[in-house]
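Student: Take this sequence and fold it.
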Amino acid sequence: MKGVVGVAAGPIRVVVAKPGLDGHDRGAKVIARALRDAGMEVIYTGLHQTPEQIVATAIQEDADAIGLSILSGAHNTLFAAVIDLLKERDAEDIKVFGGGIIPEADIAPLKEKGVAEIFTPGATTASVVDWVRDNVRQPAGA
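Tutor: Next up, the predicted model:
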């Protein structure tokens with residue numbers, strides 16, 4: 001859907017989103033700023049986004065990745081919904097990563113579902129930036 005793999009111009013584009021009813025967005029804003037400061041284009045969707053809104057934004061913005069932040073405990077349902085909607089919309093090339101309060105026991109099943117990476121409390125902004133740089137498409141000329 002996004003064209004020829006590996007041939008993309010401009011910086012990496014990341015949608016940072018807060019799915020569901022979780023109202024705590026400090027962590028998401030910190031990650032959004034770190035990605036932006038690292039030269040990426042960041043689209044922050046704000047609070048209380050549905051999976052449908054998040055996927056629509058990512059497709060409309062031609063995003064390379066979606067970063068989901070969740071503290072409410074609904075990560076299994078909401079992350080899975082985003083992955084399923086990307087498949088339905090033929091946009092599986094958009095990588096999904098997430099962070100927040102996610103129990104260790106839930107990480108492997110989320111990765112099996114298609115979430116590329118999970119960052120738990122204590123992860124540094126540098127580790128998130130490095131992961132995105134290493135695992136999301138490289139900018140032209142890199």
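
Student: use CA for all of it now, contacts and neighbours both
Tutor: OK.

Student: Confirm that Phe97 sits in a strand.
Tutor: Yes: counting by DSSP: H, G, I helix; E, B strand; the rest coil, Phe97 falls inside a strand.

Student: can you pull out the helices in this protein?
Tutor: Using DSSP state H, the helices of the chain run over 26-37, 51-60, 75-88, 104-113, 125-135.

Student: now these in JSON lines, with mean pLDDT, mean neighbour count and distance to Phe97?
Tutor: Shown next, in JSON lines, are the helices of the chain (pLDDT from 0 to 100; neighbours: other C-alpha atoms under 10 Å; distance: least, C-alpha to C-alpha, whole Å):
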{"stretch": "helix 26-37", "mean pLDDT": "96", "mean neighbour count": "18", "distance to Phe97": "12"}
{"stretch": "helix 51-60", "mean pLDDT": "98", "mean neighbour count": "18", "distance to Phe97": "13"}
{"stretch": "helix 75-88", "mean pLDDT": "97", "mean neighbour count": "18", "distance to Phe97": "9"}
{"stretch": "helix 104-113", "mean pLDDT": "98", "mean neighbour count": "13", "distance to Phe97": "9"}
{"stretch": "helix 125-135", "mean pLDDT": "98", "mean neighbour count": "15", "distance to Phe97": "9"}
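
Student: possible to save those as JSON lines with distance to Ala9?
Tutor: Shown next, in JSON lines, are the helices of the chain (distance: least, C-alpha to C-alpha, whole Å):
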{"stretch": "helix 26-37", "distance to Ala9": "17"}
{"stretch": "helix 51-60", "distance to Ala9": "16"}
{"stretch": "helix 75-88", "distance to Ala9": "22"}
{"stretch": "helix 104-113", "distance to Ala9": "28"}
{"stretch": "helix 125-135", "distance to Ala9": "15"}
